[in-house]
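Asker: Output the structure for:
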Amino acid sequence: MISRSDAQAMLLMAAGIASLVSMDATVKALVTDGIHAVQLLALRSVLIVAVLLLIYRARGELNQLKPSRWAWQSARALIGFVAPLAFFMSLIYLPQADATVMFFSAPMVVTLFSYWFLGERFGVHRWVALVIGFAGVIVALRPEGNASGIGYLLAAVGSLAYAGLFLSGKYLSRTESTPSLVMSYNVGVGAIALLLLPWFWQPMTAKQWLVLTALATLAVTGHFCVTTAFARTDASLLSPIEYTALFWAIGFDWILWRHAPGQHTVLGGGIVILAGLYFVYRERIHARGQPSPPN
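Answerer: Take a look at the predicted model:
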């Protein structure tokens, strides 16, 4: 049986994914409206850092935002800049569902890295679930008509960078607080983006500023939930929950852009989700110490 702590972490992960996919929808609305991803990252980070400082100052807990491992936090911020930049730019070329399915390679990399570098151990059933899940990604990514190769390439770079971001957060959570991880990430990303901003700045309308505010709110909510979830339990247990992003992305594609997913997207996404559900089922069997069902 999954422990209460694991269950809470899984719920946090689900909430975080919902927030981040909603954020992606606001990003797609802005980048397709001519606002560059660098500008979004700069402004988003400024808003998030300001909100964090206000909240923790009011609580008298500013010390919670201070990192103790500056070098590692700085390296994580660099990875953190590449991850959203590449993914945000992929949304210019791809439907949100297609970009999200490409992002599904990130949980697999997270799981592999958690095995190699974090010492987490798992058996053959997890490996089978991961292989099936990756096969589902391949099925879902079959290009359609005018699908953009650069869009898929950007999404792939983003997914790999996100895997590094999640794993570095898991590693640093042993000595760093969740608020310090979120704060350092946004300070670092903001600093890099602000340095580049003069080359990418575009004036924004009142409506675009409103959407940007929603983007920042969803971003900080999602990052807090995901970072806290990874700090509470194994990365390999949380990875399948990322697949719920596909439902959100398909919904946003249909509601906002009237884009229906292709059959391959639905089929491949279904395979990935089933693999993830089996992954969680095996976790419960293992935790209970029950004998495995026949293969």
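Asker: From here on, just use CA atoms for contacts and neighbour counts.
Answerer: OK.
Asker: Spell out, range by range, the helices that occur in the chain.
Answerer: 4-31, 37-59, 70-93, 96-103, 105-117, 124-140, 149-172, 178-196, 206-232, 235-238, 245-257, 263-288 (DSSP state H).
Asker: which residues touch Ala18?
Answerer: Gly222, Thr244, Ala245, Trp248 (CA atoms under 8 Å, 6 or more residues apart in numbering).
Asker: Which of those residues sits closest to Ser177?
Answerer: Lowest distance from Ser177 to the contacts of Ala18 (CA to CA) belongs to Gly222, with 16.1 Å.
Asker: What about the nearest residue to that closest one once chain neighbours are set aside, how many residues nearby?
Answerer: Excluding its sequence neighbours, the residue lying closest to Gly222 (CA to CA, 6 or more residues apart in numbering) is Gly16, at 3.9 Å. The tally of other residues near Gly16 (other CA atoms under 10 Å) stands at 27.
Asker: Give me the pLDDT value at Gly16.
Answerer: Per-residue pLDDT puts Gly16 at 91.
Asker: Looks like Ser90 contacts Ala156 (just checking).
Answerer: No. Here Ser90 does not reach Ala156: they are 9.1 Å apart, not a contact under CA atoms under 8 Å.
Asker: overlap in contacts of these two?
Answerer: Common neighbours of Ser90 and Ala156, using CA under 8 Å, 6+ apart, do not exist here.
Asker: For Arg59, give its distance to Arg76.
Answerer: 27 Å (CA to CA, to the nearest Å).
Asker: more neighbours, those two?
Answerer: Neighbour totals were compared for Arg59 and Arg76, and Arg76 leads with 24 against 9 (other CA under 10 Å).
Asker: measure the more buried one to Ala163 for me?
Answerer: 11 Å.
Asker: What of Gly136?
Answerer: 19 Å.
Asker: Then Ser184?
Answerer: Separation of Ser184 from Ala163 (CA to CA): 18 Å.
Asker: Any idea how many residues pack against the nearest residue to Tyr243 once chain neighbours are set aside?
Answerer: With CA to CA, 6+ apart as the criterion, Tyr243 has its nearest non-adjacent residue at 5.9 Å, and that residue is Ile273. Around Ile273 there are 21 other residues, counting by other CA under 10 Å.
Asker: Same question for Met204.
Answerer: Residues near Met204, counting by other CA under 10 Å, number 12.
Asker: now the one 5 residues further on
Answerer: Here the number of neighbours of Trp209 (other CA under 10 Å) works out to 13.
Asker: How far does stretch 67-82 sit from its chain's centre?
Answerer: What separates the centre of stretch 67-82 from the centre of its chain is 17 Å, taken as CA atoms, centre = their mean, to the nearest Å.
Asker: hang on, the earlier thing: what distance do you get for the residue nearest to Tyr243 to Leu167?
Answerer: 22 Å.
Asker: now Ala42
Answerer: For Ala42, the distance to Leu167 equals 24 Å [CA to CA].
Asker: Next: Val51.
Answerer: With CA to CA as the criterion, Val51 and Leu167 are 25 Å apart.
Asker: So these two - more neighbours on which side?
Answerer: Legend: neighbour count by other CA under 10 Å for Val51 and Leu167, higher for Leu167 (23 against 15).
Asker: Met13 - nearest residue in space that isn't next to it in sequence?
Answerer: In space, Met13 is closest to Val226, 5.1 Å off (CA to CA, 6+ apart).
Asker: how many other residues sit next to the one you found?
Answerer: Neighbourhood size, Val226 [other CA under 10 Å]: 26.
Asker: That'll do, ta.
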